[in-house]
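**Q** Whatever this is, show me its structure:
(one chain, ligands or ions: 2)
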Amino acid sequence: MTIKKNNIEILNVSADRNLVDANLIQSDSDNFNDLNLRPQKLEDYIGQNEVKKNLSYLIKSAKIRNENLDHILLYGAPGLGKTTLANIIAVEMGVNVRVTSGPAIEKQGDIASIITNLKENDILFIDEIHRLKPAIEEILYSAMEDFAIDLIIGKGPGAKSMRLKLPRFTLIGATTKISQISSPLRDRFGAMYKLMFYDIKDINKIVQRSASLLNIKITSEASLLIAHSSRSTPRIANRLLKRVRDFAIVNKFDEIDQNHTKKCLELLGIDEIGLDDSDRHILSSIIEKFNGGPVGLSTISAITNEEEETIEEVYEPYLMQLGLMERTPRGRIITSKAYQHLGINLIKNEK
Ligand SMILES: Nc1ncnc2c1ncn2[C@@H]1O[C@H](COP(=O)(O)OP(=O)(O)O)[C@@H](O)[C@H]1O
Ligand SMILES: [Mg+2]
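**A** Ligands and ions are numbered 1, 2, ... in the order given. Modelled structure (predicted):
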């Protein structure tokens, strides 16, 4: 649906409520279209230089030894490029990758059949690996360490254990919650890499790269504006770029400039530092109802009508990264910077 306002056609953007939630990949055409946006080679993967440097040694060494790569654990917030990196590793190694996720593996038999079907040096990518059931994890221990699994055949006193040899494969695990991974599993990874939020320069490069892949003409000021609003996260940057592109197509703009981008972001309710209505609602509710805190997560959830998990995973990390909120043992506190950003007078609220 489109509406007309000041002679500018407006896409029905209000229905697109979850623009800043990098967790949501099925919410729009992102997932499919991102197939073209995902870099395929390490050299096209922007930023995360430390991780790239270490990985390239790991890959080169495995190639020289002509052996399988060490098991790798990738962790970091949603949308920072874990899945992309796993694919790149497979491409660089020239091996097949089998993709699954923690919650998708229900039974021990599921994981056994996946692993036994791998070929030498293949990669098994398990997304959301923190959500694996303990019984499944147990199978992985021997698979990762000894490249073997123990199968129980039969039931009751007559049951026999049989050891099955596996090809030397590589497990790549990805998680947003490293603390929820049991230490026996964590210890079996030869390498662990943390993906960081991107700086503006790198996010801007990602916006420009995506624009050129999608054949979008955009001024450098406009791409910088998108970069600033993208919560330092590539998935959100790409999503905003596509919404701005839609806005330009509908309004028949040949090139996206700063002005169009500003208008579009405004319609989406996203401000110049990337906060959306929900972020601002969380901040202002704590200020209005609790004088800026400290206040507990469950209370924030109750006063804002947002789920605790969403607050913790989607909103808080970015609010804290911007220094608008702090976590203390007594609860969450809103900082003076947030008061300034929202234009609320701090003096009245100071204790
Ligand atoms: N370093 C990067 N350089 C360029 N594009 C990136 C980079 N990291 C992520 N992206 C883009 O962001 C999207 C989300 O990344 P993804 O790997 O799916 O994140 P995650 O698995 O960590 O949630 C990808 O489709 C890709 O287009
Ligand atoms: Mg992913």
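**Q** Might you enumerate the residues of the stretch 101-250 of the chain proximal to ligand 1?
**A** Within the stretch 101-250 of the chain, the residues that sit near ligand 1 (CB under 6 Å from any ligand atom) are 206, 234-235, 238. To be clear about C-beta, it is placed using only N, CA and C from the backbone, and glycine gets the same treatment.
**Q** quick one: contacts for Ile59?
**A** Shown in contact with Ile59 (CB atoms under 8 Å, 6 or more residues apart in numbering): 42, 69, 89, 92-93.
**Q** Which of the helices or strands spans it?
**A** Here Ile59 sits within helix 49-65, counting by DSSP states H and E.
**Q** Output that helix as CSV, restricted to C-alpha atoms.
**A** This file holds the C-alpha atoms of helix 49-65, laid out as CSV (Å, rounded to 0.1, in the frame of the first residue of the first chain):
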residue,chain,number,x,y,z
ASN,A,49,40.6,-7.4,10.1
GLU,A,50,42.0,-9.3,13.1
VAL,A,51,39.6,-12.2,12.5
LYS,A,52,40.4,-12.2,8.8
LYS,A,53,44.2,-12.2,9.4
ASN,A,54,44.0,-15.1,11.8
LEU,A,55,41.7,-17.0,9.6
SER,A,56,43.8,-16.7,6.5
TYR,A,57,46.8,-18.2,8.4
LEU,A,58,44.5,-21.1,9.6
ILE,A,59,43.3,-21.7,6.0
LYS,A,60,46.8,-21.4,4.4
SER,A,61,48.3,-23.8,6.9
ALA,A,62,45.6,-26.4,6.5
LYS,A,63,46.0,-26.2,2.7
ILE,A,64,49.8,-26.6,3.0
ARG,A,65,49.4,-29.6,5.3
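**Q** Next one: that helix, is it in contact with ligand 1?
**A** No: Helix 49-65 does not reach ligand 1 (CB under 6 Å from any ligand atom); its nearest approach is 8.7 Å.
**Q** name the helices or strands packed onto the following helix or strand past that helix?
**A** As assigned by DSSP H and E, the chain's next helix or strand after helix 49-65 is strand 72-75. Applying 3 or more CB pairs under 8 Å, 6 or more residues apart in numbering; DSSP states H and E, one finds that strand 72-75 contacts helix 82-93, strand 170-175, strand 191-194.
**Q** Could you export the ones you listed as a markdown table, including mean neighbour count and mean pLDDT?
**A** Listed next are the helices and strands packed on strand 72-75 as a markdown table, based on neighbours: other CB atoms under 10 Å; pLDDT from 0 to 100:
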| stretch | mean neighbour count | mean pLDDT |
| --- | --- | --- |
| helix 82-93 | 21 | 95 |
| strand 170-175 | 25 | 97 |
| strand 191-194 | 16 | 97 |
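**Q** now for the ones you listed, which one comes closest to Arg245?
**A** Arg245 lies closest to helix 82-93 among the helices and strands packed on strand 72-75, at 20.8 Å (CB to CB).
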